[in-house]
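**Student:** test case, fold it:
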Amino acid sequence: MLDCWNRALTAYGEKEFVVDDRGNRYTYKEMDSAADILAAWLVQSGISPGDVVSYQLPPRSEFVVITIACLKAGAVLAPLGMCFMDEELIELLNLMGSKLHISPAWHRNTNRGLMLANLRNSVPSLEEVVLLDRIENRKDGSVSFEEIMSCCFPLQAPLKTLAKPHGNDLAVLLCTSGTTRKHRVVMLTHNNVIFSEEGFNRGFGLTGDDIIFMPAPLSHATGFHHGIISPMLLGAKLVLQERFCCRPAVEIMNREKCTYSMGATPFAYDILKELDKGECRLEHLRFYLCGGAPVPAEMIDKAWKDFGIRICEVYGSTESVPHAFVRPEEAIDMAGCWSGRAMDGVEIRVVDGLGRDVPAGQIGEEISRGPNVFVGYLNDRASTDSVLDDDGWYYSGDLCISDVFGNIKIVGRKKDLIVRGGENLNANNINNNLEGCPGIRDHAVVGMPDERLGERICAYVVPEPGSMEVSKEIIITYLKEKRIPRRYWPERMEIIDEIPRTESGKVMKYLLMEELKKRMSTGVEM
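**Tutor:** Here you go, the predicted model:
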């Protein structure tokens with residue numbers, strides 16, 4: 001990836017690379033100069049090739065500075081979501097063997113500097129903590145990022161003579177999204193990432209003239225791969241918003257003339273709701289790439305007919321970044337029927353429980369193989385062996401169907417099946433049926449324990465502000481009008497203030513199921 005950066009610097013040095021909503025703007029050359037300063041400090045502070053540098057930042061330009069600096073120093077990148085704190089963060093830093101950690105001193109009223117000071121003794125490998133936006137005198141042994149960057153450390157010979165990594169060396173550690181309790185750390189090589197993004201750029205026909213607005217966290221595969229590496233390979237531009245907010249996001253995209261964006265389906269939903277007010281439009285946006293959850297056909301149809309925006313589903317995982325997607329020119333015709341087909345150089349199969357291919361149209365587990373597939377979970381051989389076989393096939397745990405043209409449609413996770421009286425019902429399909437129901441802003445469907453049938457259908461709903469009262473009867477009336485069969489009707493409804501999601505937008509169903517057990521124990525349906 002450092003080779004890729006150096007080529008981009010030579011070819012596109014004067015072009016703008018990163019812009020954020022804090023007023024920071026970097027050309028490729030300016031980003032290189034800033035990264036040189038930090039890289040020199042990292043080396044002088046004892047970071048050697050192969051050492052792990054972890055960092056937690058919201059989507060800000062400093063995130064990119066740190067990424068390029070770590071590549072220059074030969075460090076293994078370990079970006080972490082801002083959600084990780086206290087014991088959870090200690091566990092991850094120890095698992096990674098982090099030698100240096102970078103974080104804002106404060107984030108959303110949380111004193112992260114104090115938190116890191118308290119946990120340092122619990123992470124033996126951690127030698128340095130660097131804090132951003134720190135003003136007061138430091139008594140916790142941390143170092144100020146701003147002071148490092150203002151000192152202009154000279155680029156000394158050791159940085160130029162560092163051992164050059166191989167393309168198959170470990171480059172980055174990324175945490176899985178955390179829809180279950182257990183977090184796994186995915187190991188990706190330089191070649192994994194480069195192959196992924198070269199194929200991504202070709203598949204969507206991206207060029208150096210494109211400008212991406214990235215609302216997703218840069219610590220996740222979507223933000224890291226497609227936000228930083230993808231435009232870097234092309235000499236394109238990345239636009240960041242620290243905290244996603246619809247109206248400012250539209251204003252930023254128009255000001256910077258963004259040509260495309262990418263994020264979880266809820267981001268696209270919120271933007272379309274904002275555009276629906278009729279007070280603004282997206283002047284330059286050609287398409288929006290949705291990942292992390294199926295995209296309802298109604299959303300795709302509305303985006304195109306009302307606003308001229310093509311919504312394309314992108315499918316992948318941290319372990320296999322992304323390996324299937326809907327091409328923009330096919331998005332309207334597919335209309336949410338498919339999650340896409342394989343990227344060039346990637347193989348996809350749909351198999352049964354014994355690993356045998358199933359016929360087109362029959363549900364099976366999606367598996368993939370290609371140079372983008374990860375090399376294993378860090379220090380977790382058992383988990384690695386459970387999903388990655390000796391022939392290089394990654395077993396995703398996602399259920400899908402395929403057609404004769406190689407398109408696949410993700411219909412849920414194995415664990416998303418609701419087994420009701422011996423019948424397998426897909427929770428995601430049932431959830432999609434609720435889209436557009438009057439008075440509902442957000443929703444999610446989970447299985448509800450039942451002594452007789454095993455499971456029944458429970459719908460969690462978030463009411464629209466100021467809307468009429470939402471009830472199960474209103475939902476059923478809506479489903480009747482849509483001619484949805486009775487067996488797909490929710491049998492219990494729970495009102496909740498917000499659907500819990502990971503930073504990448506995936507529903508944390510285990511939290512909903514735990515909450516449901518509590519509510520069921522009271523015997524009262526909300």
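**Student:** which helix or strand in this structure has the lowest average pLDDT?
**Tutor:** helix 157-160 (a mean of 52; mean pLDDT, DSSP states H and E).
**Student:** okay, and the beta partners of Leu100?
**Tutor:** Val53, Glu128 (DSSP bridges).
**Student:** for burial, what's the neighbour tally of it?
**Tutor:** 24 (other CB atoms under 10 Å). Bear in mind the C-beta positions are built from the backbone N, C-alpha and C, glycine included.
**Student:** now Glu127
**Tutor:** Count around Glu127 with other CB under 10 Å applied: 15.
**Student:** ditto for Val76
**Tutor:** 23.
**Student:** mind listing what it touches?
**Tutor:** If you count contacts by CB atoms under 8 Å, 6 or more residues apart in numbering, Val76 has them with Gly50, Asp51, Val52, Val53, Cys70, Leu170, Ala171, Val172, Leu173.
**Student:** what bridges to the nearest residue to the first one once chain neighbours are set aside?
**Tutor:** It refers to Gly50. Of all residues not flanking Gly50 in the chain, Val76 sits nearest, at 6.3 Å (CB to CB, 6 or more residues apart in numbering). Per DSSP bridges, the residues bridged to Val76 are Val52.
**Student:** thinking again about what came up before, neighbour-wise, which of the contacts of Val76 leads?
**Tutor:** Cys70 leads the contacts of Val76 on contacts (other CB under 10 Å) with 29 neighbours.
**Student:** centre of the chain to the helix or strand hosting that one, how far?
**Tutor:** Assessed by DSSP states H and E, Cys70 sits inside helix 61-73. Distance of helix 61-73 from its chain centroid, counting by CA atoms, centre = their mean, to the nearest Å, is 19 Å.
**Student:** check what contacts that helix and list those residues.
**Tutor:** With CB under 8 Å, 6+ apart as the criterion, helix 61-73 contacts 1-2, 5, 17-20, 22, 24-26, 31-32, 34-39, 42-43, 47, 49, 53, 55, 57, 76-77, 79, 102, 132, 145, 159, 162, 218, 224, 228, 238, 240.
**Student:** mind running it again at 7 Å?
**Tutor:** Residues from elsewhere that reach helix 61-73 (CB atoms under 7 Å, 6 or more residues apart in numbering): 1-2, 5, 18, 20, 24, 26, 31, 34-36, 38-39, 42-43, 47, 53, 55, 57, 77, 102, 132, 145, 159, 218, 228, 240.
**Student:** inside helices: which ones of those?
**Tutor:** Leu2, Trp5, Met31, Ala34, Ala35, Asp36, Leu38, Ala39, Leu42, Val43, Phe145, Leu159 (DSSP state H).
**Student:** what's the neighbour count on the closest residue to the fourth one other than its chain neighbours?
**Tutor:** Using CB to CB, 6+ apart and skipping the chain neighbours, the partner closest in space to Ala34 is Val65 (4.9 Å). Applying other CB under 10 Å, we find 25 residues neighbouring Val65.
**Student:** where does Val65 land on pLDDT?
**Tutor:** At Val65, the predicted lDDT confidence score is 98.
**Student:** am I right that Gly50 falls within a strand?
**Tutor:** No: looking at Gly50 with DSSP: H, G, I helix; E, B strand; the rest coil, it is coil, so not inside a strand.
**Student:** show me where the stretch 401-526 of the chain has its strands.
**Tutor:** 408-413, 417-420, 423-426, 440-450, 454-463, 492-495 (DSSP state E, counting those that start in this stretch).
**Student:** the stretch 251-400 of the chain too?
**Tutor:** 260-264, 287-291, 310-317, 320-325, 341-342, 347-351, 364-369, 376-377, 394-402.
**Student:** got CSV for those strands, with distance to Arg413 too?
**Tutor:** Below are the strands of the stretch 251-400 of the chain laid out as CSV (distance: least, CB to CB, whole Å):
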stretch, distance to Arg413
strand 260-264, 16
strand 287-291, 15
strand 310-317, 11
strand 320-325, 15
strand 341-342, 20
strand 347-351, 15
strand 364-369, 10
strand 376-377, 18
strand 394-402, 6
